[in-house]
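> Provide a 3D model corresponding to the input given below.
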Amino acid sequence: MSSEMPPENLASVTVTDMEENTKSSIDLKAMKESTLEKLEGTEAMSKRQRKKLMKQRQWEEQRDLRKKKRKEKRLKRKLERQSQLESSSEGGIRKRTRRDVVPSTLRLIIDCSFDSLMELKDVKKLHKQIQRCYAENRKALHPVQFYLTSHGGQLKDNMDETDKGWVNWKDIYIKPEHYSELMKKEDLVYLTSDSPDILNELDESKAYVIGGLVDHNHHKGITYKRAQELGISHAQLPLGIFVKMNSRKVLAVNHVFEIILAYLEKRVWEEAFFTVLPPRKGAKPLNEITDASMCKLQESEVVQDEVSDSD
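Residues are numbered from 1 along each chain as shown. Here you go, the predicted model:
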């Protein structure tokens, strides 16, 4: 048997080889052209552009490393929080079980009817204060019945834009109506620092109103005037009895809210104030200031007596 390939097969192989060689030469030529283009492009770049390109490549190469570091950081924070919550040492933060929580019947209302009096930047601050109130109430030992009334305007628009999850908030009543349409007039007490009346005790059958207004300096006394116009009770927290402050007695919405929560837990106003008030307010116990004043007075009297004796 002849080992030679039939002429027709030989022709087929030859054609195929020629095609493959042609394709390879075309591919090689294309690769060379592409390389040349890249080199030419790089050479055409300015020094600044080449640096920018190198930084971009480095950033892309280190993407996985950055992702890994972020994941490790989140895990570390999670473990630290868990360690704090589960700590049973004295002064540590104890994790509260749901059975420890006893909801209060007290209603606490943030009156958002001042929306048109505020600039957008102040509305955004109010939104953050409301978020803080909601978070604190959710973890409180005695959470209140939380109401957000006259909800609309700039505040609602800002919440829709930056905090869409608010529609799923739990244990809160968010209403477009004014609080006077939702509560009995005799149950309402407006908390305002301009009131001449002092709130010595909390009545958990009442509905206490906090004015949702940022930048009171432009509208001094407005919450007190609103309470008078509606003919409802009003009172101020007994801040001046226990605390000496460097600034005005007007507190942020969330501070008033948190003081109420702290009082429901501790049942002592002084403890509630100093649990919540920020250091920047320069809050000091009045009894300490009185004691210091007495010491200075006594020292002065001793010096005067010594001077008199020497005479």
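> pretty sure Lys244 contacts Leu286?
Yes - the pair Lys244 and Leu286 passes the contact test of CB atoms under 8 Å, sitting 5.3 Å apart. Every residue, glycine included, has its C-beta placed from N, CA and C.
> what's the burial count for the residue nearest to Val276 when sequence neighbours are not counted?
Take Val276 and drop its neighbours on the chain: the residue closest to it by CB to CB, 6 or more residues apart in numbering is Glu258, 4.5 Å away. Counted by other CB atoms under 10 Å, the residues lying close to Glu258 total 21.
> What helices and strands are in contact with the host helix or strand of Glu161?
Secondary structure from DSSP states H and E places Glu161 in helix 153-162. When contacts are defined as 3 or more CB pairs under 8 Å, 6 or more residues apart in numbering; DSSP states H and E, helix 153-162 sits against helix 120-139.
> tell me what the helix it packs on is packed against?
Helix 120-139 makes packing contacts with strand 145-149, helix 153-162, helix 253-266 when contacts are defined by 3+ CB pairs under 8 Å, 6+ apart.
> Ok, which of those comes nearest Leu199?
Smallest distance to Leu199 across the helices and strands packed on helix 120-139 (CB to CB): 9.7 Å, for helix 253-266.
> got the CA positions of whichever helix or strand comes after the closest one in PDB?
For helix 253-266, the following helix or strand on the C-terminal side (DSSP H and E) is helix 269-276. Listed next in PDB are the C-alpha coordinates belonging to helix 269-276 (Å, rounded to 0.1, in the frame of the first residue of the first chain):
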ATOM      1  CA  TRP A 269     -34.300  65.300  87.400                       C
ATOM      2  CA  GLU A 270     -30.700  66.100  88.200                       C
ATOM      3  CA  GLU A 271     -29.500  62.700  87.100                       C
ATOM      4  CA  ALA A 272     -31.600  63.000  83.900                       C
ATOM      5  CA  PHE A 273     -30.100  66.400  83.000                       C
ATOM      6  CA  PHE A 274     -26.500  65.300  83.500                       C
ATOM      7  CA  THR A 275     -27.000  62.100  81.700                       C
ATOM      8  CA  VAL A 276     -28.000  63.900  78.500                       C
END
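> just checking, what packs against helix 269-276?
Checking 3+ CB pairs under 8 Å, 6+ apart, helix 269-276 ends up next to helix 239-242, strand 243-244, helix 253-266.
> Identify all contacting residues around the last one.
Just to be clear, that refers to helix 253-266. 104, 106, 108, 110, 126, 129-130, 132-133, 136-137, 140-144, 191, 202, 208, 210-212, 214, 237, 251, 269, 271-273, 275-278 (CB atoms under 8 Å, 6 or more residues apart in numbering).
> quick one: low-confidence parts of the stretch 101-250 of the chain?
Residue ranges of the stretch 101-250 of the chain with pLDDT under 70: 216, 246-249.
> tell me which residues of stretch 115-130 are tucked away?
Asp115, Met118, Asp122, Val123, Lys124, Lys125, Leu126, His127, Gln129, Ile130 (16 or more other CB atoms under 10 Å).
> ditto for stretch 233-249
For stretch 233-249, using 16+ other CB under 10 Å, the buried residues are Ser233, His234, Ala235, Gln236, Leu237, Pro238, Leu239, Phe242, Val243.
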